[in-house]
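A.B. asks: Take a look and give me a structure for this.
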Amino acid sequence: MFERILIVDDESAARIALATLLRREGFDVRDVGDGAAALAECASFRPDLILLDIVMPGVDGFEVCRRIKATPETRLTPVVLITGLSATEDRIKGINAGADDFLSKPIDFNELLARTRSLLRLKQYTDELEHAEGVLFSLAQSIEARDPYTSGHCERLAEMSARLGEKLGLPEEDIKALRRAGTVHDIGKVVVPDAILLKPGPLSADETEVMRKHPVVGERICAPLRTFRLVLPIIRHHHERHDGSGYPDGLRGSEIPLTAAILQLADVYDALTTDRPYRKASTPEVALQIMDEEATLGWWNRKLFDDFRAMIGNGHATSKKLEKAAS
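C.D. replies: Numbers count the residues shown, from 1 in each chain. Reported below is the predicted structural model:
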């Protein structure tokens, strides 16, 4: 499969010459003459690399780059800004727009080819990582589908955990890790037999031991992905308790990663407020009361639980207002 390159330049002669040279090197090339056409071509052509002139009428190269990097489908596509501008502030502006590299006019074709191949190798590596992540997410979803009572559980955990992370002012990378962990936190249950996973009553001691292995197995499954560096501690430690009575490592207090403690609260709350084979779902008020009592027992970080309860309470009050307004 040929790598796809999109050339964007309002000077038709320069654009066509560049396209001709790149096609001779075996690339699949398309070229357009303005920013609006470039954005449309990104959606249909799905380029692996974009060579983008800065100075164009209408939507300039900076704005096109910003929009490409703000769109989930194209945010990882390398963008090379091509310009006759040499001022440092223009390069800073390009970096802030998300540009991956720069080329100055007049273009040296050997330099262009070297940079193009380097960025395409990086894009291929990124695509492979995304594919690996996609496989893990699909596996996690298939595990969730084994139990009809947990439908939507991962999606709700990802949303609640990220909301609490935002409320606490965590860095964006931690919030992203919480969203990913919400989806894959129970991926280790792939080794748990259905007879245990779907058992309608209490587990035996041996069955409990099998179930308690899933955080370690989940960490091991996801460990090869470097992009999951911040996700792994959440997977392993989302069943630890503040007083050290959790598993798999019996961590206590500040030993438990904050992100793992956040996901755990969302996990417990969601379990209490959804139906299970052995009990009906609790109301949000009852679930929070149960968790408050458990915090008093030392299971949860009291301050963190209070923040979680405030977040859930605000969301519940808002939904009640919307229901009342609609009735």
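
A.B. asks: Let me see the contact set for the closest residue to Pro57 other than its chain neighbours.
C.D. replies: Excluding the flanking residues, the one nearest Pro57 by C-beta to C-beta, 6 or more residues apart in numbering is Asp10, at 6.3 Å. Bear in mind the C-beta positions are built from the backbone N, C-alpha and C, glycine included. Residues near Asp10 by C-beta atoms under 8 Å, 6 or more residues apart in numbering: Gly33, Asp34, Asp53, Val55, Met56, Pro57.

A.B. asks: The last one - how many residues pack around it?
C.D. replies: Here the number of neighbours of Pro57 (other C-beta atoms under 10 Å) works out to 9.

A.B. asks: Would you check how far apart Asp53 and Ile68 are?
C.D. replies: Distance, Asp53 to Ile68, by C-beta to C-beta, to the nearest Å: 14 Å.

A.B. asks: buried sites along stretch 154-169?
C.D. replies: Buried residues in stretch 154-169, counted by 16 or more other C-beta atoms under 10 Å: Cys154, Arg156, Leu157, Ala158, Met160, Ser161, Ala162, Arg163, Leu164, Gly165.

A.B. asks: ugh, wrong one, stretch 73-84
C.D. replies: Going by 16+ other C-beta under 10 Å, stretch 73-84 has these buried residues: Thr74, Thr77, Pro78, Val79, Val80, Leu81, Ile82, Thr83.

A.B. asks: try stretch 21-33
C.D. replies: Residues of stretch 21-33 classed as buried: Leu22, Phe27, Val29, Arg30, Asp31, Val32, Gly33 (neighbour count, 16+ other C-beta under 10 Å).

A.B. asks: What ranges does the stretch 1-150 of the chain have for its strands?
C.D. replies: Ranges of strands within the stretch 1-150 of the chain are 4-8, 28-32, 49-53, 79-83, 101-104, based on DSSP state E, counting those that start in this stretch.

A.B. asks: what residues are up against the closest residue to Ile107 other than its chain neighbours?
C.D. replies: Closest residue to Ile107 apart from its sequence neighbours, by C-beta to C-beta, 6+ apart: Ile82 at 6.7 Å. Residues counted as contacts of Ile82 (C-beta under 8 Å, 6+ apart) are Asp9, Leu51, Leu52, Asp53, Ile54, Gly61, Phe102, Leu103, Ser104, Lys105, Ile107.

A.B. asks: State the number of residues packed around the fifth one.
C.D. replies: The burial count assigned to Ile54 is 24, neighbours taken as other C-beta under 10 Å.

A.B. asks: Roughly how far does it sit from Asp270?
C.D. replies: Taking C-beta to C-beta, one finds Ile54 at 48 Å from Asp270.

A.B. asks: again with the first one
C.D. replies: Separation of Asp9 from Asp270 (C-beta to C-beta) stands at 52 Å.

A.B. asks: The two: who's more crowded?
C.D. replies: Shown here are Asp9 and Asp270; by other C-beta under 10 Å, Asp9 has more neighbours (26 against 19).

A.B. asks: How much space separates Ala97 from Arg212?
C.D. replies: Distance of Ala97 to Arg212, given as C-beta to C-beta: 49 Å.

A.B. asks: who's more crowded, those two?
C.D. replies: Neighbours were counted for Ala97 and for Arg212 using other C-beta under 10 Å; Ala97 has more, 22 against 15.

A.B. asks: Please look at Asp34 and Gly61 and confirm they touch.
C.D. replies: No - Asp34 is beyond contact range of Gly61, at 10.4 Å (criterion: C-beta atoms under 8 Å).

A.B. asks: joint contacts of these two?
C.D. replies: Taking C-beta under 8 Å, 6+ apart as the criterion, Asp34 and Gly61 both touch Val8.

A.B. asks: ok, these two, which is more surrounded?
C.D. replies: A count of neighbours by other C-beta under 10 Å puts Gly61 above the other of Asp34 and Gly61, at 26 against 17.

A.B. asks: wait, what's in contact with the closest residue to that one other than its chain neighbours?
C.D. replies: In this structure, Gly61 finds its nearest non-sequential neighbour in Ile54, 3.7 Å apart by C-beta to C-beta, 6+ apart. By C-beta under 8 Å, 6+ apart, the residues touching Ile54 are Asp60, Gly61, Phe62, Leu81, Ile82, Thr83, Leu85, Asp90, Gly94.
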